[in-house]
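Peer 1: sharing a sequence plus its predicted fold:
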Amino acid sequence: MFFLLWFLGLGQTANLGQVQTVVAVEAYQHAISQAQVHLNQLRTEYKCPGISICVGTATQVLWHELQGYADLDTQSPLTTDHLFRIGSTSKALTSIGLGILIEQGKLDLNAPIQHYVPSFPKKKYPITLRQLAGHQAGIRDYDFAKGEYHNQRHFHSITEALAIFQDSDLLFEPGTQYQYTTYGYTLLSAAMESAAQTDFLTFMQTAIFQPLALKHTHADDVTQPLNRVSFYGINRFSGAVEVLGPIDNSNKWAGGGFLSTSGDLVAFGSGLLRNALIQKETRERLFTPQSLTNGEATQYGIGWRSWQQTLPSGAKVRVAHHGGTAYGAMSMLVVFPDDDLVVALNTNLLNRDGWAFMKHAFTFADFFLQARSDTSP
């Protein structure tokens, strides 16, 4: 199924929730052809039941294509409103909520967590929100042996979910090490609730999703009948694609619990490029990698990984991105802040090394950046 959108938005100026969809077909037709071939190869290589990609700029959708099925048993084809789990790509959405609260003067990244969440037990060392956002706080991640990643319990509040890990000791003195943890974002979202004076999901809906018209971005709430794809994995013995059982993501909304589409993720990235929600200076603060107390850079800012990426063509570009491996899905969102480009890639399959899949987003971007370079005067 191929979508190349021509007419909507012609001559209009994009507002908060509007991305123009007029493209110069002549300029990008070769890039689209290359990208289609690569998408075919990618779906075959990873045995993806369904795969979706979108490429855009601050004001345009350049290419949006879906292949395969939302559900293998019914052979239901993917549509643009089928929802994928995006896993840790959720952290990029949450980071912009942080940026909004910072600009409103409601949240201080350097404040200790107890300033916003006084019920959180004090540890051997103080923890700041900045350290939580940069995975330097020493908060542990899932205990797989206890089934925390494959959580089946429904938590009715973030405060309730904190009980999973709040009594665990810190893994290290905050600021001295980098260790990725989704639970750190659960704690961070509790601070955001306090600062915003509303529950986290309501804040995200009213502050980000509604202004950008992200109609297909929701919490993966099992109590809600949403238009989800079916979620699949690879049987480690036979190598066959198999449907995965139920899971409850209410223990990790902020760090890994959202559903979205490639179209919505590009609309989100486009909004960042045109400074629709936060100022450019705030965006760059979120993108800028943090360092440890010994000066070592982590390549992780506040909800975004950022570095100079060498593309297959050899071009070197600055990227800010976040990927996610979820139960039955893989996701990648890449923003090219100096090159006016956004790429989002989703599939309803969890298959081997997630990073190997995610980094194909850079290849798709390369096709479009090279096309732009070839047509420059």
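Peer 2: Looks like it arrived, so ask away.
Peer 1: how about the strands in the protein?
Peer 2: Remark: strands assigned in the chain by DSSP state E are 2-3, 50-56, 61-71, 76-77, 84-85, 218-219, 232-234, 241-243, 258-260, 305-310, 316-326, 329-336, 341-347, 349-350.
Peer 1: what's the angle from the third one to strand 50-56?
Peer 2: On the basis of axes from the mean of the first three to the mean of the last three Cα atoms, to 10 degrees, strand 61-71 is oriented at 170 degrees to strand 50-56.
Peer 1: just to revisit the earlier point, weakest of the strands of the chain by average pLDDT?
Peer 2: Among the strands of the chain, strand 2-3 carries the lowest mean pLDDT, a mean of 38.
Peer 1: could you list the low-pLDDT ranges of this protein?
Peer 2: 1-25, 375-377 (pLDDT under 70).
Peer 1: re the thing from before, and among the strands of the chain, the most buried is which?
Peer 2: strand 84-85 (a mean of 31; mean count of other Cβ atoms under 10 Å). Yep, even glycine has a C-beta here, placed from its N, CA and C like the rest.
Peer 1: partners of that one, with directions?
Peer 2: strand 258-260 (antiparallel) (DSSP bridges).
Peer 1: which residues touch D199?
Peer 2: Shown in contact with D199 (Cβ atoms under 8 Å, 6 or more residues apart in numbering): 157-158, 193.
Peer 1: a markdown table for those residues, including neighbour count and distance to L170?
Peer 2: Shown next, in a markdown table, are the contacts of D199 (neighbours: other Cβ atoms under 10 Å; distance: Cβ to Cβ, whole Å):
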| residue | neighbour count | distance to L170 |
| --- | --- | --- |
| S157 | 12 | 24 |
| I158 | 24 | 20 |
| E193 | 21 | 22 |
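Peer 1: just these now: which is nearest N348?
Peer 2: Nearest to N348 among the contacts of D199 is I158, at 26.9 Å by Cβ to Cβ.
Peer 1: quick check: closest non-adjacent residue to the closest one.
Peer 2: Nearest residue to I158 in three dimensions, chain neighbours excluded: A190, at 4.9 Å (Cβ to Cβ, 6 or more residues apart in numbering).
Peer 1: returning to what we had before: out of the contacts of D199, which is nearest to N351?
Peer 2: Proximity of these to N351 (Cβ to Cβ) peaks at I158, which lies at 30.7 Å.
Peer 1: surely the closest one meets F200?
Peer 2: Yes - I158 is in contact with F200 according to Cβ atoms under 8 Å; the separation is 5.9 Å.
Peer 1: which residues do those two both contact?
Peer 2: Common neighbours of I158 and F200, using Cβ under 8 Å, 6+ apart, are 189-190, 193, 253.
Peer 1: columns distance to G324 on top of the residues you listed, output as a markdown table?
Peer 2: Converted to a markdown table, the shared contacts of I158 and F200 look like this (distance: Cβ to Cβ, whole Å):
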| residue | distance to G324 |
| --- | --- |
| S189 | 16 |
| A190 | 21 |
| E193 | 22 |
| W253 | 13 |
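Peer 1: how about the helices in the protein?
Peer 2: Using DSSP state H, the helices of the chain run over 25-46, 90-103, 129-133, 158-162, 183-196, 200-204, 253-256, 262-273, 280-287, 354-358, 360-375.
Peer 1: how about the ones you listed, which one is nearest R318?
Peer 2: helix 280-287 (8.5 Å).
Peer 1: of the contacts of D199, closest to K91?
Peer 2: Using Cβ to Cβ, the contacts of D199 come closest to K91 at I158, 15.1 Å.
Peer 1: relative to G105, which of the shared contacts of I158 and F200 is nearest.
Peer 2: Nearest to G105 among these is E193, at 16.8 Å by Cβ to Cβ.
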